[in-house]
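Participant: Structure here, sequence nowhere to be found:
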């Protein structure tokens, strides 16, 4: 049947794409379905415009394209300890000295690292003191400090601290820690080293850190072909393995030493530049260039969001659309988010999908009404940053005690962390299981209950902090 008018074409398309018997299939399948019974000039192009602008498809369909955003590696610094990355590993099993976390600090040029034992409850002022006494007193103040968006690094105290020292802050975008890949790699190395030497109770790892720090800094780095220790000191340290060679500790002329260090640093930079280019070329083979501008509307991927609902597999793939308020870099954008979304508004382009508005030719399209962002009872979305405590306690007004976990919320200070009952934390089951594995129950403590199945009546995953209502 020939369909001459736009209104009729829109009805045909709705029946063959939007209806439940059509299944919101893709462009090719919709074109074939429509063409079985109807035709008009440019039918394939019309179907393409219709399907591409379908609001439900834009929110629900998976993206089969290459990830957006070409790799933007940070430049190679000119001097040692000019650019420094900072991260925390934890929670780990609590040691006899009370530590359950490691602060890792790495120089981006020489790759030298320092490992500092601390606790998961360390706040911004205490972290600043650790940096001053363990890093800055040895190497001076860096030009830039690279970190993730941990609540300590986004706190007002930390901002004032590094501003006063003239240090620029480079933070990874939300859910895309590519900015600080160097620290992530070193963290894995530390964990592998600790596994080899820690005792059966896993409570002596803090005493091993000084030895493993020396071992790490005395190991040749694949990226620049030198050891971090050599690039900082111009010589190799005397270690037990060198005792068999008495000439290894021979005196070195100061002028020769200075020349050796300068030559080694120049060569190391060249190796790092080549490695940087190889990394960029390799990564960009599997990526595509996507660019937005201020005012563009985009959908945000729900890949990293803890949304309500019994099944992650059946939730929408994107929410929005939201307006881009600022372009921070070729791959980083700031969005205008509703107040109920208590998350950082800066995202990597790979998490954004362009919003396609429906053309006027299709009139007012009827689609399934999607639930609002947030919980049905009006709570906002609050993302858990990490878990750092557990206790057996009773809610006021309740007679039975239960397990509670101390939860730090993404974008909030540690002072605003809350104790949440285990039964309400199904949405962050992996984080809870990881914490429980690192902190085994002591003899005599109540056992941990099994997680509810997907058929449980309780569907809620995380609870909004009471003070945030």
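Facilitator: Structure's in. What do you need? This one's a predicted model, so the numbers in the text were calculated from it and none came from an experiment.
Participant: For the stretch 351-469 of the chain, which segments are assigned as strands?
Facilitator: 352-354, 381-382, 384-393, 402-409, 418-421 (DSSP state E, counting those that start in this stretch).
Participant: out of those strands, nearest to residue 103?
Facilitator: strand 384-393 (14.3 Å; Cβ to Cβ). Using the backbone N, CA and C atoms, a C-beta is placed for each residue, glycine as well.
Participant: angle of that closest one against strand 402-409?
Facilitator: 150 degrees (axes from the mean of the first three to the mean of the last three Cα atoms, to 10 degrees).
Participant: and strand 384-393, which strands flank it?
Facilitator: strand 402-409 (antiparallel) (DSSP bridges).
Participant: so how far is the partner strand off the chain centroid?
Facilitator: Centroid separation for strand 402-409 versus its chain: 21 Å, with Cα atoms, centre = their mean, to the nearest Å.
Participant: In it, which residues are buried?
Facilitator: Using 16 or more other Cβ atoms under 10 Å as the test for burial, strand 402-409 gives 403, 404, 405, 406, 407, 408, 409.
Participant: Tabulate the strands of the stretch 351-469 of the chain in a markdown table, adding columns for mean pLDDT and distance to residue 192.
Facilitator: Below are those laid out as a markdown table (pLDDT from 0 to 100; distance: least, Cβ to Cβ, whole Å):
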| stretch | mean pLDDT | distance to residue 192 |
| --- | --- | --- |
| strand 352-354 | 89 | 35 |
| strand 381-382 | 52 | 34 |
| strand 384-393 | 82 | 21 |
| strand 402-409 | 84 | 26 |
| strand 418-421 | 82 | 32 |
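Participant: which one of the ones you listed lies closest to residue 90?
Facilitator: strand 384-393 (7.6 Å).
Participant: Buried ones in the closest one, by neighbour count?
Facilitator: Quick answer for strand 384-393 (16+ other Cβ under 10 Å): 384, 385, 386, 387, 388, 389, 390.
Participant: since we're on residue 401, how many residues are nearby?
Facilitator: Using other Cβ atoms under 10 Å, residue 401 has 12 neighbouring residues.
Participant: Report the contact partners of it.
Facilitator: Residues near residue 401 by Cβ atoms under 8 Å, 6 or more residues apart in numbering: 392, 393, 394, 446.
Participant: and if we set it to 10 Å?
Facilitator: Going by Cβ atoms under 10 Å, 6 or more residues apart in numbering, residue 401 touches 391, 392, 393, 394, 395, 446.
Participant: quick one: the last one and residue 389, what's the gap?
Facilitator: In other words, residue 446. 16 Å (Cβ to Cβ, to the nearest Å).
Participant: Can you verify residue 66 is assigned to a helix?
Facilitator: No - using DSSP: H, G, I helix; E, B strand; the rest coil, the secondary structure at residue 66 is coil, not a helix.
Participant: Not counting sequence-adjacent ones, nearest residue to it?
Facilitator: Spatial nearest neighbour of residue 66, excluding adjacent residues (Cβ to Cβ, 6 or more residues apart in numbering): residue 288 at 4.6 Å.
Participant: The one you found pairs with what?
Facilitator: The partner residues for residue 288, given DSSP bridges, come to residue 68.
Participant: Quick one: neighbours of it, just the number.
Facilitator: Around residue 288 there are 13 residues (other Cβ under 10 Å).
Participant: any low-confidence regions in the stretch 151-300 of the chain?
Facilitator: 172-184, 241-261, 279-284, 286 (pLDDT under 70).
Participant: would you list every one of the helices in it?
Facilitator: Secondary structure of the stretch 151-300 of the chain (DSSP state H, counting those that start in this stretch): helices located at 151-154, 156-164, 181-197, 205-217, 228-233, 254-284.
Participant: Turn the ones you listed into a markdown table, columns for distance to residue 440 and mean neighbour count.
Facilitator: Shown next, in a markdown table, are these (distance: least, Cβ to Cβ, whole Å; neighbours: other Cβ atoms under 10 Å):
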| stretch | distance to residue 440 | mean neighbour count |
| --- | --- | --- |
| helix 151-154 | 27 | 20 |
| helix 156-164 | 33 | 14 |
| helix 181-197 | 17 | 16 |
| helix 205-217 | 15 | 18 |
| helix 228-233 | 35 | 20 |
| helix 254-284 | 39 | 14 |
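Participant: Quick one: closest of the ones you listed to residue 325.
Facilitator: helix 151-154 (18.3 Å).
Participant: and that closest one, what does it pack onto?
Facilitator: strand 83-89, helix 124-131, strand 144-147, helix 156-164, strand 168-171, strand 384-393, strand 402-409 (3 or more Cβ pairs under 10 Å, 6 or more residues apart in numbering; DSSP states H and E).
Participant: ok, 7 Å please
Facilitator: Judged by 3 or more Cβ pairs under 7 Å, 6 or more residues apart in numbering; DSSP states H and E, helix 151-154 has no packing partners among the helices and strands.
Participant: that older thread, the residue nearest to residue 66 contacts residue 68, doesn't it?
Facilitator: Yes - using Cβ atoms under 7 Å, residue 288 makes contact with residue 68 at a distance of 5.9 Å.
Participant: Sort out which residues of the top strand by length along the chain are buried, please.
Facilitator: In the chain, taking DSSP state E as the definition, the longest strand is strand 318-329. Within strand 318-329, the residues that count as buried by 16+ other Cβ under 10 Å are 318, 319, 320, 321, 322, 324.
Participant: Turn those residues into JSON lines, columns for pLDDT and distance to residue 301.
Facilitator: Output for those, formatted as JSON lines (pLDDT from 0 to 100; distance: Cβ to Cβ, whole Å):
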{"residue": "318", "pLDDT": "83", "distance to residue 301": "6"}
{"residue": "319", "pLDDT": "84", "distance to residue 301": "8"}
{"residue": "320", "pLDDT": "83", "distance to residue 301": "10"}
{"residue": "321", "pLDDT": "88", "distance to residue 301": "12"}
{"residue": "322", "pLDDT": "91", "distance to residue 301": "12"}
{"residue": "324", "pLDDT": "92", "distance to residue 301": "15"}
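Participant: which of these lies closest to residue 114?
Facilitator: The closest of these, once distances to residue 114 are taken by Cβ to Cβ, is residue 324, at 38.7 Å.
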